[in-house]
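> Predicted model follows, preceded by the sequence.
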Amino acid sequence: MALTPETLTRHELNGLSVRVVDAGNPDLVGIAGRVVIETMQTLHIDDGDRVRQVPKRGATLEFALTAGEPEFTDGGYPSPSMNRSRTDEAAGRRKASGSTFKRESETAGVLPGQSGSTRKGSPDGDGRTPSRTGDCEDVVYVTVDGAQLLSRPAHRTENAGDSKWR
Amino acid sequence: MSIAEERIDRLHTLAKQAVAAREFDRSREYVRLARRIAERNRCGLPREFKRFSCPRCDVYLRPGVNARVRTQDGHVVVTCDCGELKRYPYQS
C-alpha cells in the first residue's frame, strides 16, 4: 500500500509538502512547507522560516505527492539553511519541485473553487481531490479536508479513510 | 507491505535526517510515533531501527553525531549521549 491519493489520509503525513488552502483563521491561509510534527488536532508546518502550528479542524490542506520517493535524499532535511544548500546539490529534483511550487500558486486561482466544491459536497464526497497537473506528471496534488485527519497520529492508519463495510 | 510498515519506514528516514540536522527532540517524536505504530499493528520494528534508537531517551542514534560505537568481545556497544548502552552481538 504505497502512499497514493487514496491512502494519504491513513498514511504518514510527516515530511510531506503541504499548503494550507483554507483555514478558519485567515492568517494561516497560504502557509506552505513540510509537515514536521503531527498531533491529534494540529499539524506543525515548517515553512522554511519558522514552524507554524495549523489546526486540522476547519482547514483544507493541499498535499504535494512526488511520484518517486518524495525528496527523501539522505542528509536533506527541511530546515531552512540545509534546504537552501541542498537546492544546489540535488539540482534536478529540487528544481522540478520549485517549478511545481510556482505552478501550485498558479493553480491556486483555480483550486479555491475546487476545494469549495468539495467542502460543499463533503457529505457524499470523500473530500480528496487528486488533481494532476499537465506538465509535471510526477507531482500529484491531493486536497484533503482537515477534519478527516482528526485522529491520534498512531491511530490514523486504522481510523481514517474509507470503511470497508459500506 | 502494509501502511503501518511503510509509515515506520518513512519515520525511520525522518528520524535519521532530524538527527543529522541536530533536531533531537523532533527525532524523538518520530521514534516514539514509530514505536507506537509498531505496537498497535503488531509488526515490530526493523532491526536497524531497534539497534540505532536509544531505549531510554528515544533519540535516533547516528554514530558521529550523538552515538559512539565500540566493538567488544562478541558484541557491539552503541552508547547514546544520555549514557544508555545498546548492545547487539556479532559473529566473528
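Arrived safely.

> drop to CA atoms for contacts and neighbour counts, all remaining ones
Noted.

> and for stretch A:54-67, what are the contacting residues?
Contact partners of stretch A:54-67, identified using C-alpha atoms under 8 Å, 6 or more residues apart in numbering or on different chains, comprise A:4, A:16-24, A:28, A:41-45, A:115, A:138-147, A:149-150.

> list the buried ones in it?
A:V54, A:P55, A:K56, A:R57, A:A59, A:T60, A:L61, A:E62, A:F63, A:A64, A:L65, A:T66 (16 or more other C-alpha atoms under 10 Å in any protein chain shown).

> Kindly report the same for stretch B:64-76.
B:N66, B:A67, B:V69, B:V76.

> do that stretch and chain A meet?
No. Counting by C-alpha under 8 Å from any C-alpha of the partner chain, no contacts exist between stretch B:64-76 and chain A, the nearest distance being 12.6 Å.

> out of the contacts of stretch A:54-67, which are inside strands?
Using DSSP state E, the members of the contacts of stretch A:54-67 that fall in strands are A:17-22, A:42-45, A:139-145.

> What helix or strand is A:V54 located in?
strand A:51-55 (DSSP states H and E).

> Look up phi and psi at A:H155.
The phi/psi pair for A:H155 (degrees, to the nearest 10) reads phi -90, psi -10.

> right, and out of the buried residues of stretch A:54-67, which lies closest to A:H155?
Distance to A:H155 across the buried residues of stretch A:54-67 (C-alpha to C-alpha) is lowest for A:K56, with 15.6 Å.

> Can you lay out the buried residues of stretch B:64-76 as JSON lines showing secondary structure and pLDDT?
Listed next are these as JSON lines, based on DSSP: H, G, I helix; E, B strand; the rest coil; pLDDT from 0 to 100:
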{"residue": "B:N66", "secondary structure": "coil", "pLDDT": "95"}
{"residue": "B:A67", "secondary structure": "strand", "pLDDT": "96"}
{"residue": "B:V69", "secondary structure": "strand", "pLDDT": "97"}
{"residue": "B:V76", "secondary structure": "strand", "pLDDT": "97"}
